[in-house]
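**Student:** Predicted structure and sequence below. I'll ask about it afterward.
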Amino acid sequence: MAHVRTQIRNLLIETLKGLPTTGDNVFIDFYAITDKRLPCLAIATGSDSYDRSTLGKPAILDVTTEFKIFGGVKANDNYQDQADQILLEVQKAINDDVTLKQFVRSANITNVDVTLDY
């Protein structure tokens with residue numbers, strides 16, 4: 001059985017595939033992103049934080065895992081509008097995904113950062 005981080009990342013990939021703007025261009029390997037595959041999404045697993053939720057034994061830990069979702073678009077006149085559309089679609093997909101909600105206690109988007117990479 002795969003680590004729970006791997007299982008959640010794979011579930012996120014399936015949740016985000018087929019969005020109107022990015023289609024099936026969802027990757028876990030940033031090196032797979034090429035100009036031909038834009039617009040796209042890339043998912044990376046970030047840090048974990050642990051909080052013990054019981055005093056007894058066995059200990060029960062609440063684990064918070066950070067997943068980073070990067071949207072990639074071509075630099076053109078409307079790249080910001082396209083990035084905003086991708087964000088809207090990602091937010092809706094995560095909020096509406098019943099399977100994801102059965103697997104994790106909560107899924108929250110906590111930070112949005114739009115940058116232009118030359």
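**Tutor:** Nice, I can see it.
**Student:** Would you state the strands of the chain in chain order?
**Tutor:** 26-27, 40-52, 61-72 (DSSP state E).
**Student:** pull the CA atoms of the last one into CSV?
**Tutor:** Looking back up the chat, that one is strand 61-72. Extracted in CSV, the C-alpha atoms of strand 61-72 (Å, rounded to 0.1, in the frame of the first residue of the first chain):
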residue,chain,number,x,y,z
LEU,A,61,-2.0,12.2,15.5
ASP,A,62,-3.7,14.9,13.4
VAL,A,63,-1.5,15.3,10.3
THR,A,64,-1.7,18.3,8.0
THR,A,65,0.0,17.9,4.7
GLU,A,66,0.6,20.7,2.3
PHE,A,67,0.1,20.0,-1.4
LYS,A,68,1.2,22.7,-3.9
ILE,A,69,-0.7,23.0,-7.1
PHE,A,70,1.0,25.0,-9.8
GLY,A,71,-0.8,26.3,-12.8
GLY,A,72,1.2,27.0,-15.9
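**Student:** If you rank every helix and strand of this protein by mean pLDDT, what lands last?
**Tutor:** Across the helices and strands of the chain, mean pLDDT, DSSP states H and E gives its lowest value to helix 98-103, namely a mean of 78.
**Student:** which of the strands of the chain sits most buried?
**Tutor:** Mean neighbour count (mean count of other CB atoms under 10 Å) peaks for strand 26-27 among the strands of the chain, with a mean of 20. The way it works is simple: take the backbone N, C-alpha and C, and place the C-beta from them, glycine included.
**Student:** Now do the least confident helix or strand of the chain: which elements does it pack against?
**Tutor:** Secondary-structure packing of helix 98-103 (3 or more CB pairs under 8 Å, 6 or more residues apart in numbering; DSSP states H and E): helix 4-16.
**Student:** Now the helix it packs on: buried residues?
**Tutor:** 8-9, 11-13, 15-16 (16 or more other CB atoms under 10 Å).
**Student:** need the contact list for Leu38.
**Tutor:** Counting by CB atoms under 8 Å, 6 or more residues apart in numbering, Leu38 touches 25, 72-74.
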